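Asker: mind folding the following:
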Amino acid sequence: MPPDPPRTLFDLADAAALRVPTSCRRNGRCRECIVEVRSGDQHLGACTEAESFLEPPFRLACQAQLIDGGDVDFDIVRRRLRITMPSRTSLRRRPDPPVHEINGVIHCGNEPIEPMHGGMYGLAVDVGTTTIVLELVNLVSGRSAAIAAVENPQRFGGSDVMNRISYDGLHPGELRQAARRAINSELRDIYAQTGISRREVYEIVVVGNATMRDLFFGLDVTSIGERPYKSISELELLDGRRTSTELSCRAWEVGLKVHPKARVWSPPLIASHVGSDVAADLVATGFGSSGEIEMLVDVGTNTEVVITDGRRTVAASCPAGPAFEGGGIAFGMQASAGAIESIQLREGRFEWRTIEDEPPTGLCGSGLIDLVAELRRSGRMSAKGVFPDRAQSIEVVSGRGITFSRADASALAQAKAANTVGQWILLRVLGVDPSNVRRLYLAGGFASYVNIENAIAVGFLAPVDPARVIKVGNGALRGARELLLSASARAGLDSLIRTIEHIELETTQDFFELFVDGCQFKPLPAAIVAHHGRVAV
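Answerer: I've put the predicted structure just below:
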């Protein structure tokens, strides 16, 4: 009998009933089965030619062969995640989609596409640094047909946008294809579940920060990673070579499994790293329409802040990093089954709740904020992240080895400081005290699950009255959905963006002092107090 073929990580995943994405029958061509090897890489054979675009600790599950019987611990890069917005949301305006039917013929704007033969659908896509969320929408009724969320497989190129810009320079096209393959994979599942044909999908609205958006469309992102940190579309706008930073192409040009003549459109960027995802947030919330003082904080790997005093609107991007989305934290993880999403300290013991009530495997963003707040409140951690008796870690879940270390606290402190400084500098630019903010819209992957009081207590959010904080969940996807269904919303957004001033935080005179102070787990000051160009705290 011939010897059994070598076992691969894919075989181990099969044995453990783990779903690993693939569409090439495991021959290494589709490059979808990327896994991150956490330990035991010495038990694997050398990388194959198909894996040449990957760097340790990433491998293709179908190519990574076991050379002995040792244990290998690995994570699937493209995991299903909790969906953080309802599948049905009300629109802020009457639907007037650019794609419509005239005398039995489907048109995109004034251009006829084909006779109507079935349904008429559109796709809203939020390409985030850590997650990709998409929603299939009926363009006639405005109702949601399906929604899905998946981990962005581009993680093999780095956890933040700057690393991905560098990676794209070394391996052009790999990140672009990874995102498109993930979207197509989800679309295949959606079509199978709903019975909807790909030829019934006539328009796609894609939003994301400048880097994620431009990578998806296949643009050179080099200019975003170096001064003046602007998309090539923004540079062309400033040079007079285009009238807007919005992007548009046909679906066949980006290889998406929809009608080949479907249009793929992305709204304009606000400025630099403040991208079209934040522009979509503004649409979803109706930001600025009341004439009152409002804030928008979209929390992610890059946190964006927008504030208006009713007359002037300013925006900034805060390079927070992935810590509050689980990156760089020993037991940090994204919002998937088994993640601790809330935690309290009662009678000296931690009590926690996990997503889907699964056994705890780590802490997601909302759980991390709760943990830090409880440690501060109980005196088990100082404002500078130091534990009593100079301990290096604290046990969180006994019996399962889940701990929180000083290194974890340091990573969270720096991520929090980026959020803190961004909010504080913009408030100061407008001369607005947090107590006068009428509405603070909190958007982002875990925003719907954050304990607002705890977030304020550790300085993650400005001390706005908690009753005035509005959780909007994935505002970027909600906004993309409205833009998909409303031509008038697109026109209004374009006008609004032209009024927003972009503030470069790092050029602020006392940025470094504010950042150092922001690394402490303590509330922001309740009022703006200027002192020789600095904030007295």
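
Asker: for the rest of this, base every contact and every neighbour count on C-alpha atoms.
Answerer: Noted.

Asker: point to the residue nearest the middle of the chain.
Answerer: Using C-alpha atoms, centre = their mean, the residue of the chain that lies closest to the mean C-alpha position is residue 128, 3.5 Å off.

Asker: all helices for this protein, in order.
Answerer: Assigned by DSSP state H, the helices in the chain fall at 9-15, 161-170, 174-194, 210-217, 232-238, 251-254, 276-285, 365-377, 406-430, 452-457, 475-485, 487-497, 511-518.

Asker: what's the most buried one of the ones you listed?
Answerer: Ranked by mean neighbour count under mean count of other C-alpha atoms under 10 Å, the helices of the chain are led by helix 475-485, which reaches a mean of 30.

Asker: show me how the record splits this structure into domains.
Answerer: Residue ranges for the domains of the chain, per automatic domain parsing: 9-76, 99-276, 279-322+411-535, 323-410.

Asker: these into CSV, with extra columns for mean pLDDT?
Answerer: Shown next, in CSV, are the domains of the chain (pLDDT from 0 to 100):
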stretch, mean pLDDT
domain 9-76, 91
domain 99-276, 94
domain 279-322+411-535, 90
domain 323-410, 92
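
Asker: picking that back up, now the helices of the chain as a markdown table including distance to residue 42?
Answerer: Putting those into a markdown table (distance: least, C-alpha to C-alpha, whole Å) gives the following:
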| stretch | distance to residue 42 |
| --- | --- |
| helix 9-15 | 13 |
| helix 161-170 | 25 |
| helix 174-194 | 26 |
| helix 210-217 | 33 |
| helix 232-238 | 42 |
| helix 251-254 | 38 |
| helix 276-285 | 41 |
| helix 365-377 | 32 |
| helix 406-430 | 26 |
| helix 452-457 | 42 |
| helix 475-485 | 42 |
| helix 487-497 | 52 |
| helix 511-518 | 40 |
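
Asker: between those helices, which one is closest to residue 124.
Answerer: Residue 124 lies closest, by C-alpha to C-alpha, to one member of the helices of the chain: helix 475-485, at 5.4 Å.

Asker: what angle separates the closest one from helix 276-285?
Answerer: 70 degrees (axes from the mean of the first three to the mean of the last three C-alpha atoms, to 10 degrees).

Asker: what helices or strands is helix 475-485 leaning on?
Answerer: Helices and strands touching helix 475-485, by 3 or more C-alpha pairs under 8 Å, 6 or more residues apart in numbering; DSSP states H and E, are strand 121-127, strand 131-138, strand 201-207, helix 276-285, strand 439-444, helix 487-497.

Asker: swap the cut-off to 6 Å and go again
Answerer: strand 121-127, helix 276-285 (3 or more C-alpha pairs under 6 Å, 6 or more residues apart in numbering; DSSP states H and E).

Asker: Serialize those to JSON lines and add fields for distance to residue 216.
Answerer: Output for those, formatted as JSON lines (distance: least, C-alpha to C-alpha, whole Å):
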{"stretch": "strand 121-127", "distance to residue 216": "8"}
{"stretch": "helix 276-285", "distance to residue 216": "13"}
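
Asker: on that earlier part again, ok, the residue nearest to the centre of the chain - contacts?
Answerer: By C-alpha atoms under 6 Å, 6 or more residues apart in numbering, the contact set of residue 128 is residue 208.

Asker: quick check: the gap between it and residue 447.
Answerer: 14 Å (C-alpha to C-alpha, to the nearest Å).

Asker: equivalent analysis for residue 185, please.
Answerer: Using C-alpha to C-alpha, residue 185 is found at 27 Å from residue 447.
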